[in-house]
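**Student:** Kindly return the folded structure for what I paste below:
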Amino acid sequence: MPRRLAQKLVLSLTVIVVIVAAVSGLVHVKTEERQLLQNMILGADQLSKAITSATWHAMLTDHRGDAYQVMQTIAEKQGIERIRMFNRAGQVMFSTHPGDSNTQVEKDAATCAVCHASGSPKLHPDVRSRVRIYRDAGGERGLAMVTPIYNEPSCSQAACHAHPAELKVLGVLDVALSLQPVDREIAAVQIRVALVTAIQIILIAVFIYFFTRRFITVPIGKLVEGTKAVSAMDLDKPFEIIDSSLELGELSRSFNAMRERLRGAMYELNQFTQDLESKVERRTAQLKVVHQKLMKNDRLASLGQLAASVAHEINNPVSGVLNLSMLMQRIMTDEGVPANRVQDFRRYLSQVVGETSRVGRIVSDLLSFSRRSRPQRSPEDLNRIIRTTVSLASHKLKLNNVEMHLDLQEDLPSVLCDASQMQQVILNLVLNAAESTHAKDGGRVAVRTRAHGGSQTLLLEVEDNGEGIPRENLTRIFDPFFTTKPEGKGVGLGLAVLYGIVQAHGGDVDVTSEPGSGTTFTVTLPLAQADTAATA
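**Tutor:** Coordinates of the predicted model:
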């Protein structure tokens, strides 16, 4: 888990303080220890010199008993472990420990190694080299100092002296002192240093904690609150750090400047967004009006094509009615219809009724298509709309030598739509399919319907075996004013209007085409029951 900055800072500074205090305490303890040992060494050296001075007169007069008595008396003082005197050959001539007297010590022993370690004996070893620190059988430390006893001229020239003048060293004085006072003092120093160090660490840690809290944690906490307020887009609350460092104060001023600029930018952005929304609403309303006009224009264009087709379609029954009327006029005489021609007259009259009824149906379908009413959706039979629309376009299909094939699913569920708009969609698809096959012998257009029960939708497919649509144009065929027809044959609004009508009905249009193999338009529409359930 990541630590806070203040925690890291307090921990780091505390560790540094602990290390520094520990090193400082260790250096202090070692310094005290060296100082105490140095004092102890100086005391031992002075004691050794005092012993040699005190025994000088007794040794000069060859009163060895007096000299030994002086050393025995001195050895009884507190802190002196042992005093020994060696002759030149390493034999213990005197020792405050009776068991050591008249014993022989080898030159490689600790006592003799001071002068004899290098092979040739040292005549004047320094103080540090004459000192050794040892541990006794009980584990207590002790300090021993070896002091040479020189053959001074006053001794060598005395009448009683038995040693020649060439002999420089007569023997060695070994004084052993206890280091228990030093060890106790060192232990006390260690305790004092540890206690002082611990107090220093605690005080410094407390100071660091309150310092970091006062000058780091609190200002940074305010900074965090300020950033959270900015992230929550609360830009009206000013941010200020009081009694902080120069850097954090500058940071707070920079942060406030950023907040002010961000607030200004957000205000401008909100204004721009509101203006953009109002412009989008106006443009949307304008586009709706334009879309309605496009639908109307497309409808008028389709109506013009239908009018031309219907004119030819009406011409045939009207010509038939005219011919039949002329035939009936010839049959009629002043006396009426001859008895032998009544049957022919009735047959002609029945044909006139049939042809005029056919003209009436054509005109009625044309009026139904051209009638412009407000869009009103209601459950409609898509198959009926398809049959009505195809009947209107039948003459144009015949002129283009196109075979129409209807594959309509029986008992097709109702679709919620505006019948006139859906008629416009079907007519547009059928006429486009017919135009794509007019240059091809055996042109064929198929219209299929089927219900897709799993998704509660209805599928309308218009397939032709025409020239197809190039791949690069498939993504553009629904764009307004995009057309591949020759100039004067179209303005590229039919499919765009068709797509808008289907989208407004909650459906979708898909197209698949292979150049030279034909095109299939698939219109998906929601069923009346599914749309009603979704609305509820």
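**Student:** alpha carbons only for contacts and neighbour counts from here, please
**Tutor:** Fine.
**Student:** May I have stretch 259-276 as CSV, with CA atoms only?
**Tutor:** Below are the C-alpha coordinates for stretch 259-276, written out as CSV (Å, rounded to 0.1, in the frame of the first residue of the first chain):
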residue,chain,number,x,y,z
ARG,A,259,-8.6,27.5,-11.5
GLU,A,260,-9.7,30.9,-12.6
ARG,A,261,-8.6,30.3,-16.2
LEU,A,262,-10.4,26.9,-16.1
ARG,A,263,-13.5,28.5,-14.8
GLY,A,264,-13.4,31.1,-17.6
ALA,A,265,-12.8,28.4,-20.1
MET,A,266,-15.7,26.3,-18.7
TYR,A,267,-17.9,29.4,-18.9
GLU,A,268,-17.0,30.0,-22.5
LEU,A,269,-17.4,26.3,-23.2
ASN,A,270,-20.9,26.3,-21.6
GLN,A,271,-21.8,29.4,-23.6
PHE,A,272,-20.5,27.8,-26.8
THR,A,273,-22.4,24.6,-26.0
GLN,A,274,-25.6,26.5,-25.4
ASP,A,275,-25.1,28.4,-28.6
LEU,A,276,-24.3,25.2,-30.4
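**Student:** Can you list the buried residues in it?
**Tutor:** The neighbour-count check on stretch 259-276 (16 or more other CA atoms under 10 Å) flags 259-260, 263 as buried.
**Student:** and these as TSV, adding secondary structure and pLDDT?
**Tutor:** Converted to TSV, these look like this (DSSP: H, G, I helix; E, B strand; the rest coil; pLDDT from 0 to 100):
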residue	secondary structure	pLDDT
Arg259	helix	75
Glu260	helix	79
Arg263	helix	78
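**Student:** a markdown table for those residues, including distance to Val29?
**Tutor:** Output for the buried residues of stretch 259-276, formatted as a markdown table (distance: CA to CA, whole Å):
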| residue | distance to Val29 |
| --- | --- |
| Arg259 | 57 |
| Glu260 | 60 |
| Arg263 | 63 |
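**Student:** and the closest residue to Val511 other than its chain neighbours, what helix or strand is that in?
**Tutor:** Counting by CA to CA, 6 or more residues apart in numbering, Val511 lies nearest to Phe521, which is 4.6 Å off, once chain neighbours are set aside. Element membership of Phe521 [criterion: DSSP states H and E] is strand 518-526.
**Student:** same deal with Leu429?
**Tutor:** helix 419-437.
**Student:** who's in contact with that helix?
**Tutor:** 299, 302, 368-369, 375, 377, 380, 385-386, 389-390, 393, 397, 400, 402, 443-445, 462-468, 494-495, 498, 501, 519, 521 (CA atoms under 8 Å, 6 or more residues apart in numbering).
**Student:** how far off strand 518-526 does it point, in degrees?
**Tutor:** 170 degrees (axes from the mean of the first three to the mean of the last three CA atoms, to 10 degrees).
**Student:** Relative to the whole chain's centre, how far out is helix 419-437?
**Tutor:** From the chain centre to the centre of helix 419-437 is a distance of 53 Å (CA atoms, centre = their mean, to the nearest Å).
**Student:** Return the alpha-carbon coordinates of it using CSV.
**Tutor:** Extracted as CSV, the C-alpha positions of helix 419-437 are listed here (Å, rounded to 0.1, in the frame of the first residue of the first chain):
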residue,chain,number,x,y,z
ALA,A,419,-49.3,3.7,-45.6
SER,A,420,-48.7,6.6,-48.0
GLN,A,421,-45.0,6.9,-47.0
MET,A,422,-44.5,3.1,-47.1
GLN,A,423,-46.1,3.2,-50.6
GLN,A,424,-43.5,5.8,-51.6
VAL,A,425,-40.7,3.5,-50.3
ILE,A,426,-42.0,0.5,-52.2
LEU,A,427,-42.6,2.4,-55.4
ASN,A,428,-39.1,4.0,-55.2
LEU,A,429,-37.4,0.5,-54.8
VAL,A,430,-39.5,-1.1,-57.6
LEU,A,431,-38.9,1.7,-60.1
ASN,A,432,-35.2,1.8,-59.3
ALA,A,433,-35.0,-2.0,-59.7
ALA,A,434,-36.9,-1.8,-63.0
GLU,A,435,-34.6,1.0,-64.3
SER,A,436,-31.5,-1.1,-63.4
THR,A,437,-32.8,-4.1,-65.6
